[in-house]
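Engineer: coords please:
(chains A and B)
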Amino acid sequence: MAEVTLRKVVKRYDDVEAVRGIDLDIPDHEFVVLVGPSGCGKSTTLRMIAGLEDISDGEIMIGGDVVNDVPPKDRDIAMVFQNYALYPHMTVAENMSFGLRLKHYPKAEIKQRVTEAARMLDITDLIDRKPKQLSGGQRQRVAMGRAIVRNPKVFLFDEPLSNLDAKLRVQMRIEIKKVHQKVRTTTVYVTHDQVEAMTLADRVVVMNRGRIEQIGPPNELYHRPATKFVAGFIGSPAMNFIPCRLEDSGGLLQIRVGETIALPVPPDRVARYREIPRDTGMLLGLRPEHLVDAQSNQGAAFRPFDATPDVIEPMGMETFVYFPLAGVQLCGRINPAIEAKAGAPLRLAVDLNHMHLLDEATGLVL
Amino acid sequence: MVDAAQPTIRPARARTTRSGLRKFLERKSTIAFFMALPLMLLIAIMVIYPAFYSVHLATLNKSMQRFVGFGNFMFLFKRETFWMVVQQSCFFAITAVIFKALIGFVVAHLVHNIPDKGQRKWRGMLLVPWVIPPAMSTLAWLWLFDPSYSAFNWILAHVGIGPIAWTGDAGWARFSVILVNIWAGAPFFLIMYLAALKSVPEQLYEAAAIDGANWWQRIWYVTLPMMRNIIAITTLFSLIVTFANFDIVRILTAGGPLDKTHLFATWAFRIGIEGNDIPLGASISLFMVPILAVAAVFILRDINKRGNEA
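Structural biologist: Alright, predicted model coming up:
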């Protein structure tokens, strides 16, 4: 086990920069998830840690040693691939033990390690089968088993659940978390699925266009996003962004949305927002759960307003309503007990304690 | 279908026969059979009939008047030349196929590692020996092998190696026909192996690299097992074609010197057509069947066994 450190790491393909100088410190035992849309450089970063891609610039350290020029086999890492990459001509046991056999481990130890890993992953009965005879979930377990038996310094996961169906994905997500709780190996996990990132990670690294947007524990990213990108990427349904402006009204600071709605800035934020020039284009960021029905949410923090939803999505434990406001389409989350009809007016309330104010031009959360 | 619901019995019977025929004609397997029929007829005329006809020929005497049973085969068994041809054919086919496969494998790897942009060009060039009609390219080789004026001997003379009788000496003549066969046949292996290489998922190599496999271990544990079926099929196919080779030997050495480069096909031609003993020629060529059948069974059995793996 070891810590992983990235220093100003750059990856260039001809004249395109896929990764633009990222810094990342992953302490021992930590589970870090790199998340971002496709093409954001997360997989490239992982593959550079694995040694499958050359590093154009910067340094990667594993366990304190610079590994820039160390081939993958000497980095003491194990990787789980999206397509599992099991050797089709080998049995499950042979697949799992391949790395150990190449390193000439004693037979007894190999057997013991494979048995142990198979037990942990609940694939003991499949040990003599070929990959073709396994389901997607079972193959994924074997791929994890192959990583576990090696007992490496670092686990690398490259979108390991993308090829599974939704139900199995949830199940395997829990398995992965359990395995990490048992073996505690430093883990770097790449996914484009923010739910996976939130549920698995000790710390999430949100990447966009080859740069790191924000690093932090899942809840911090959710509640205190640093940029519009992170705010919009983390959370589902995504955060609403409403064009707005700050204005003074009778000595109070207000957020003006469109012509009709003016929302008072919560007292604890006044100091933070006071210095912002009043003519700056701003965005009001509100998550759907902070745009709620007025009926079951009353109190000082909630400011009611009227809207006419055009789409209603009942989910059972909650209902999402979609409605236009100030020229944008917004999503709110209401109590499912409330009768909402598309096209019929609905009294909603906004919870300003959880609002975010963003600079429209820079995309920074203020 | 409506009939079945009606209680009448007699008219229904007549109708079932007719609808039975219609059902038979409408069945998928029947339609498939009729669609395959033209090809089956073609194979019957072009392959099965000649095969049986040559068996028939092999049982006749030289003037094709009298049935002699296994007489021709018995006669062959007693001739030294026959056993020499058996040995030469086996040696020729096995050596040539091994080298074609080896060269094809190595060159396929080299081409596979060329960046995509230049790859087409190289692929095209490397296929040239395979697409030139062998009779033509062999004539060029014949010229290269000429003992007095050839390019090979001219070059060798410069380094002080005396003229080699490429097609005149038994050993060199065998070397020459095998060399030309390899030259003409290796591109086939190259293209098949290149296709097989491209179908091996890149992630398997990456997984192997992370598992600690070096270059050689990646070939041994990933490439070769993944290419196994292609290797088996190409080897079998090439073995058959090489074993039955005719044109290269015919043009380069015509079987000489002293029959030392004859293969089944060239010797059958010499005896049957040039020697005017068609039944004996047919008997010689029939000898290829059992030898190749054994090879086919062994190789194809292996493919069936591993077929459902990948």
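Engineer: buried residues in the longest helix that chain A contains?
Structural biologist: Longest helix of chain A, by residue count under DSSP state H: helix A:166-183. Neighbour counts over helix A:166-183 (16 or more other Cβ atoms under 10 Å in any protein chain shown) mark A:Leu168, A:Arg169, A:Met172, A:Arg173, A:Glu175, A:Ile176, A:Val179, A:His180, A:Val183 as buried. C-betas here are computed from N, CA, C, even on glycine.
Engineer: Convert the C-alpha atoms of it to PDB, please.
Structural biologist: Taking C-alpha atoms only, helix A:166-183 is exported to PDB below (Å, rounded to 0.1, in the frame of the first residue of the first chain):
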ATOM      1  CA  ALA A 166     -28.500  -0.700 -13.600                       C
ATOM      2  CA  LYS A 167     -29.500  -3.100 -10.900                       C
ATOM      3  CA  LEU A 168     -26.200  -5.000 -11.000                       C
ATOM      4  CA  ARG A 169     -24.300  -1.800 -11.000                       C
ATOM      5  CA  VAL A 170     -25.800  -0.800  -7.700                       C
ATOM      6  CA  GLN A 171     -25.000  -4.200  -6.300                       C
ATOM      7  CA  MET A 172     -21.400  -4.300  -7.500                       C
ATOM      8  CA  ARG A 173     -20.900  -0.700  -6.200                       C
ATOM      9  CA  ILE A 174     -21.600  -2.000  -2.800                       C
ATOM     10  CA  GLU A 175     -19.300  -5.000  -3.300                       C
ATOM     11  CA  ILE A 176     -16.500  -2.700  -4.300                       C
ATOM     12  CA  LYS A 177     -17.000  -0.600  -1.300                       C
ATOM     13  CA  LYS A 178     -17.000  -3.700   0.900                       C
ATOM     14  CA  VAL A 179     -13.800  -5.000  -0.600                       C
ATOM     15  CA  HIS A 180     -12.100  -1.600   0.000                       C
ATOM     16  CA  GLN A 181     -13.300  -1.600   3.600                       C
ATOM     17  CA  LYS A 182     -11.600  -5.000   4.000                       C
ATOM     18  CA  VAL A 183      -8.400  -4.600   2.100                       C
END
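Engineer: For chain A, which residues are neighbours of chain B?
Structural biologist: Selection of chain A residues close to chain B by Cβ under 8 Å from any Cβ of the partner chain yields A:50-52, A:71-73, A:77-79, A:81, A:83, A:85-89, A:98-99, A:102-103, A:130, A:132, A:146, A:150.
Engineer: Selection in ChimeraX covering whichever of those residues are buried, please.
Structural biologist: Only the buried entries of the residues of chain A next to chain B go into this ChimeraX selection, using 16+ other Cβ under 10 Å:
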select /A:50,51,52,72,73,77,78,79,81,83,85,86,87,88,89,98,99,102,130,146,150
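Engineer: The residues of chain A next to chain B in strands, which ones?
Structural biologist: Among the residues of chain A next to chain B, DSSP state E puts A:Ile77, A:Ala78, A:Met79 in strands.
Engineer: Give me the pLDDT for the first one.
Structural biologist: The predicted local confidence for A:Ile77 comes out at a pLDDT of 91.
Engineer: what bridges to it?
Structural biologist: A:Val154 (DSSP bridges).
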